[in-house]
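Peer 1: Predicted model, plus sequence, below.
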Amino acid sequence: MSSAWPSLLLRLALIASLALIAGALLGSLAAWATACAALLVLLVSHTAYLARLQRWLKQPESQAIPDAWGAWGNVFMTLYRHLRNEDKRRESIAADLEVFSQAAEASPDGLVFLDANERIRWCNRVAESQLGLDGERDRDLLVTNLIRAPHFAEFLAGARVGESLLYRPANRKGMTLSLEAIRFGKDRKLLISFDVSQIERADTIRKDFVANVSHELRTPLTVIAGFVEHMIEEPSPDAEETQHQLGIVNDQASRMLRLVDDLLTLSRLEGETQLPREEAFDVRDLIYEISSEARRLSGGRHTITCEVVPAMLKGSRDELHSAFSNLVSNAVRYTPEGGRIVLRWAVQDGKGSFSVEDSGIGIAEEHVPRLSERFYRVDRSRSRESGGTGLGLSIVRHVLLRHQADLQIRSAPGVGSTFSAEFPAWRVTTPLT
Amino acid sequence: MPHSEHFSKQYDSDLEDVRSRVLQMGGVVEAQILAAIECFSSGDTERMTEVTDTELRVNAYEVDIDDLCVHIVARRQPAARDLRLIMGVSKAVTDLERMGDEAEKITRMARLIHERKGPQIPLQAEVRRSGDLAVAQLRHALDAMARLDPDEAERIISEDALIDTEFRGILRQLITFMMEDPRTISTALEIIWVAKAIERIGDHAKNIAEQVIYIVRGTDVRHTGKERRHGVADEEH
C-alpha cells in the first residue's frame, strides 16, 4: 500500500507533464488526447496485471508467480514471500507429524485413536496385528463394531482412568491383551493394548506349581496319616500285617523325601548364580556308574547296554550325574519288562552327546514340548505308580542349561523314545588314539 | 460408515445404531459359542450356566433390535440401501438368536456326555476344530457386516463347505466307534447333536454373509450358485 500511492502519483505526474509538452507543442486538444491515451495505457496495464493475478490465484504456486514491475511487482513479491513462509511452515508441521507418527508407530503397545463418536481415526501397526484392524480400510469405522467382545462397548464408553479390560482376540490363539481407554482432547479417546500373554502364562504356571506341589505332598501324607491312625486306634495283633503297613508308610515317606529333595535341587539350580564347577572328568566312568545304578533299579527286567567312546567332559560331575541318571531312570520306568535300554556317548564334529534310547511306551507328539514343565505328566496315574516326582525333566533341563547343552527328545508312541543331551565342542576333549 | 447423507441426522444415527447393536449381539453370541465348545471339551459345569445366562441377554438383544427396526420402517419409510439394511439386519438377528440356541444345545449335550460313566469317545479334538472353524466363520461374517465388505462375505460363503466336510468326517468316525462297541452309542448320538449344532452355526454364519451381500449389492444370493453373487447393485447410486 505504502508504495502504491507514490507510484500512482509519479505516473500521473508523468502523464500530466507529457500532456503539457504535447499541449505546448500542438495545442490543447493534443494535450487532452495524450493524457487520455496515457491513462488508457495505464488502465489496460493494470487490468492485465489484475487478470494475471486472478489467473495465478486459481493455482497459487510459488514457482509460477507472475513477474511485474512497479507497484504490481511489490504485490507479487510480497505474495511470493508469504507463500514461501507458508510452505516452510507446512513442511515443518509435516515433519513434526511424521516424527509423531513414527513415535506412535515405534510404541511396543497398540495405539488406536478414536474420535468423539468412537470411530477409528488412526492406529499403529502393533494395534493392527493385535486387534485385527487395518488402519487404512477401517478408518472411520466404529471401533465397537470391530471389537465385539461383550462388555467392551461399556468399558470404552466409561473410559475410566486405571480401568483395564482383558481381551482375548479370537484370531490370535493364546494371546491375552489388556486394554485401556484414555480420554484426551475434546471427547477423543486413545485405546491402548498391551500384550500380557507372557505375564498371564507365568501367573498360570506359578499357580499350577503351587497347586501341584501341595497335591503331590498331600497324597503320600494322606496315606501315611491314614495308616498311622489305623495303627494307633486298632493295633493289629498280626505282626505280618503291621509289617506290611509299615512298609507302605515307609514307601510313601521316601516318596515325599524324594519329592522334597527334587524341589530343593530344582530351587538350588534356579537360584544358582554361580557357574557350575568346571572339572574335566571321564564320561565313561560316569556312564558305567549310572548304568549299574539303572540295573539295580530295573532288577533284571530290562536289557541295559552302554555304547561309549572315551572322552573327557568339562562341567560339574555331580550335577550331570543327577541329570543323566534322571534320564536313565525315566527310561527304566517307562519301558515295559523285557525292553532294552541303550546308554550312548558319541562324539561328532567335536560335539559330545549323551543319549538314552529305550523301547518303551513312547510319548505322543503333542506332549513332547511340555515334558520339561514341572509336574507335567502324560498319564498321571501311571507316572505316580512308577515312583516319579514329576520334576525329573525340569531338573535335567536346568542342569543342561547350565552346561550350554541342548535336550532333544525323539519319540514315537509304542516304539520308544530317545532323549539326548548335546554338549558344545569346547566342553569335550577326546584323547588322541 | 455413513453411506448416505440424509436430511435428518437422527435417521443416519438410527441406522448406524441398529447395525452396531447387531454387531454387539454378534459379539455376545460369539463368546457364548466359544464357552459352549469349551464346556464340551472340558466338562466345566460352571461355564454351562454361563452359557444359559447369556441366552437371556441374546434374547433381549433380539427383541430390542426388532423393535428398533420396526420403528425405523414406520417412521422413516426407508428406501433402497437403507431398506435393505433394515431387512438384512433383522434377518441376521434371527440367525444370531438361533446360533445362541445351538450353543445352549451344545452345553446340554456336553453335560449329558460328561455325566455319563462308561466308555468315552476320543473325538474332542475333532469337534473342537470344527467348532473353532464355525466360530471363525461367524467372526468373519460379523467383520464383513461391520465393514460392509461383500468380497469377504463371498469368501465366507465358499468356505462353509469346510465345516460340512468336518461334520461328515466326525460322523464317519462315530460310526466306527459305534460298530466297535455298542456301549458308546448313546454318547455317540450326543456327539452327533453337538457336531450338528456346530454345522448349523456355520450355516447361520453363511446366512449372515449372504445378508451382507444383499445389503451392499442388492442381490439375493440365497439358494444360488456363485455366478449370481456378483450384483446389479449400483442402479440407485
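Peer 2: Cool, got the structure.

Peer 1: From now on I want contacts and neighbour counts done on CA atoms only, so please keep to that.
Peer 2: OK.

Peer 1: does residue 157 belong to a helix or a strand, and which?
Peer 2: All of this refers to chain A. Using DSSP states H and E, A:Ala157 maps to helix A:152-158.

Peer 1: Not quite, go with chain B.
Peer 2: When elements are assigned from DSSP H and E, B:Ile157 belongs to helix B:150-180.

Peer 1: Which helix or strand lies directly C-terminal to that helix?
Peer 2: Toward the C-terminus from helix B:150-180 - assigned by DSSP H and E - lies helix B:185-217.

Peer 1: Pull out the buried residues from that next one.
Peer 2: Residues of helix B:185-217 classed as buried under the neighbour-count rule (16 or more other Cα atoms under 10 Å in any protein chain shown) are B:185, B:187-217.

Peer 1: Also compute the angle for it relative to helix B:150-180, please.
Peer 2: 170 degrees (axes from the mean of the first three to the mean of the last three Cα atoms, to 10 degrees).

Peer 1: pLDDT weak spots in the stretch 1-150 of chain A?
Peer 2: Within the stretch 1-150 of chain A, the ranges that satisfy pLDDT under 70 run A:1-3.

Peer 1: Strands of that one, residue ranges please.
Peer 2: Applying DSSP state E, counting those that start in this stretch to the stretch 1-150 of chain A gives strands spanning A:110-114, A:120-123.

Peer 1: One more: chain B?
Peer 2: Using DSSP state E, no strands are assigned anywhere in chain B.

Peer 1: Where does the prediction get shaky in it?
Peer 2: B:1-8, B:225-237.

Peer 1: contacting residues for the residue of it found nearest chain A?
Peer 2: Closest contact between chain B and chain A, by Cα to the nearest Cα, is at B:Gly27 (4.5 Å). Going by Cα atoms under 8 Å, 6 or more residues apart in numbering or on different chains, B:Gly27 touches A:Ile147, A:Arg148, A:Ala149, A:Pro150.

Peer 1: can you list those in JSON lines and add neighbour count and distance to chain B?
Peer 2: Rendered in JSON lines, the data for the contacts of B:Gly27 read as follows (neighbours: other Cα atoms under 10 Å in any protein chain shown; distance: Cα to the nearest Cα, whole Å):
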{"residue": "A:Ile147", "neighbour count": "20", "distance to chain B": "8"}
{"residue": "A:Arg148", "neighbour count": "25", "distance to chain B": "4"}
{"residue": "A:Ala149", "neighbour count": "23", "distance to chain B": "5"}
{"residue": "A:Pro150", "neighbour count": "19", "distance to chain B": "5"}
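
Peer 1: so which of those would you say is closest to B:Arg139?
Peer 2: A:Arg148 (9.3 Å; Cα to Cα).

Peer 1: if we can go back for a sec, report the distance from the helix holding B:Ile157 to the chain centre.
Peer 2: 15 Å (Cα atoms, centre = their mean, to the nearest Å).

Peer 1: Which strands or helices does the top helix by length along chain B pack on?
Peer 2: Ranked by residue count and defined by DSSP state H, the top helix of chain B is helix B:80-115. For helix B:80-115, the elements it packs on are helix B:9-42, helix B:45-76, helix B:185-217, judged by 3 or more Cα pairs under 8 Å, 6 or more residues apart in numbering or on different chains; DSSP states H and E.

Peer 1: Would you mark the buried spots in it?
Peer 2: B:81-90, B:92-114.

Peer 1: cool, and stretch A:270-290?
Peer 2: Those buried within stretch A:270-290 under the rule 16+ other Cα under 10 Å are A:Pro276, A:Ala280, A:Phe281, A:Asp282, A:Val283, A:Arg284, A:Leu286, A:Ile287, A:Ile290.

Peer 1: What average pLDDT does the one helix or strand the third one maps to get?
Peer 2: What that stands for is A:Phe281. Assigned by DSSP H and E, A:Phe281 belongs to strand A:279-282. Along strand A:279-282, the predicted confidence averages to a pLDDT of 88.

Peer 1: residues in contact with it?
Peer 2: By Cα under 8 Å, 6+ apart, the surrounding residues in contact with strand A:279-282 are A:Pro310, A:Ala311, A:Met312, A:Leu313, A:Lys314, A:Gly315, A:Ser316, A:Arg317.

Peer 1: which one of those residues sits closest to A:His82?
Peer 2: Proximity of the contacts of strand A:279-282 to A:His82, judged by Cα to Cα, is greatest for A:Gly315, which lies at 76.8 Å.

Peer 1: A:Lys88 versus the closest residue to that closest one other than its chain neighbours, what's the distance?
Peer 2: For A:Gly315, ignoring the flanking residues on the chain, the nearest one in space by Cα to Cα, 6 or more residues apart in numbering or on different chains is A:Glu278 at 4.4 Å. Noted for A:Glu278: a distance of 67 Å to A:Lys88, by Cα to Cα, to the nearest Å.

Peer 1: Over to A:Arg168?
Peer 2: From A:Arg168 over to A:Lys88 the distance is 46 Å, taken as Cα to Cα.

Peer 1: between the two, who's got more neighbours?
Peer 2: Residue environment comparison for A:Arg168 versus A:Lys88 gives the larger neighbour count to A:Arg168, 18 against 11, counting by other Cα atoms under 10 Å in any protein chain shown.

Peer 1: give me every residue that touches the residue nearest to that one when sequence neighbours are not counted.
Peer 2: Distances taken as Cα to Cα, 6+ apart place A:Thr176 nearest to A:Arg168, at 4.7 Å, with adjacent residues excluded. Under the criterion of Cα under 8 Å, 6+ apart, the contact list for A:Thr176 reads A:Leu166, A:Tyr167, A:Arg168, A:Pro169, A:Asp195, A:Val196, A:Ser197, A:Glu200.

Peer 1: Close to chain A: what parts of chain B are there?
Peer 2: Taking Cα under 8 Å from any Cα of the partner chain as the test, the list of chain B residues beside chain A reads B:Met1, B:Ser20, B:Leu23, B:Gln24, B:Gly26, B:Gly27, B:Val28, B:Ala31, B:Ala136, B:Asp143, B:Ala146, B:Arg147.

Peer 1: And those residues, which two are furthest apart?
Peer 2: The distance between the two most remote of those (Cα to Cα) is 25.2 Å, for B:Met1 and B:Ala31.

Peer 1: what about these two, which has more around it?
Peer 2: Set side by side, B:Met1 and B:Ala31 show unequal neighbour counts under other Cα under 10 Å, the larger going to B:Ala31 at 19 against 14.
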